[in-house]
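Enquirer: Just a sequence and a predicted model for now, questions to come.
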Amino acid sequence: MPTHGACGQSWNGTRPAHCSGCCQTFSGVALFDRHRNLYGEHGTCVDPATMPNVELRDGVWSNPQMTELGKREAFGRR
């Protein structure tokens with residue numbers, strides 16, 4: 001299990017991305033990149049609690065899970 005030496009936070013899996021600048025862990029690289037570039041200032045951390053469509057689950061910042069209705073609408077399932 002990877003652990004960041006500066007803050008001691010650990011995470012599981014190969015997809016999470018941990019920011020060494022603000023010691024926050026994200027569910028994937030795309031969300032990590034958003035937190036570093038959200039307002040066009042590359043390399044500046046944005047507090048994930050202020051980002052739209054992001055929630056903290058089990059210590060990892062993630063996009064909210066899609067509801068069954070949302071899945072049907074997005075993927076054309078009935």
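Expert: Yep, that arrived. Residues are numbered from 1 along each chain as shown.
Enquirer: Arg34 contacts Thr50, correct?
Expert: No - under the criterion of Cβ atoms under 8 Å, Arg34 is not in contact with Thr50, lying 11.7 Å apart. Heads up, the C-betas are built off the backbone N, CA and C, glycines and all.
Enquirer: out of the two, which sits in the busier spot?
Expert: A count of neighbours by other Cβ atoms under 10 Å puts Arg34 above the other of Arg34 and Thr50, at 18 against 9.
Enquirer: Show me what the helix or strand harbouring that one is packed against.
Expert: With the criterion set as DSSP states H and E, the secondary-structure element containing Arg34 is helix 29-37. Other helices and strands packing on helix 29-37, by 3 or more Cβ pairs under 8 Å, 6 or more residues apart in numbering; DSSP states H and E, are strand 17-18, strand 60-62.
Enquirer: Can you name every helix or strand that whatever helix or strand comes next after it contacts?
Expert: From helix 29-37 onward toward the C-terminus, using DSSP H and E, the following helix or strand is strand 55-57. For strand 55-57, the helices and strands in contact under the criterion 3+ Cβ pairs under 8 Å, 6+ apart are strand 60-62.
Enquirer: residues in contact with His35?
Expert: Taking Cβ atoms under 8 Å, 6 or more residues apart in numbering as the contact definition, His35 lies against 19, 22, 24, 26, 45-46, 48, 51, 61.
Enquirer: Closest to Gly8 out of the residues you listed?
Expert: Taking Cβ to Cβ as the measure, Gly8 lies nearest Gln24 of the contacts of His35, at 13.6 Å.
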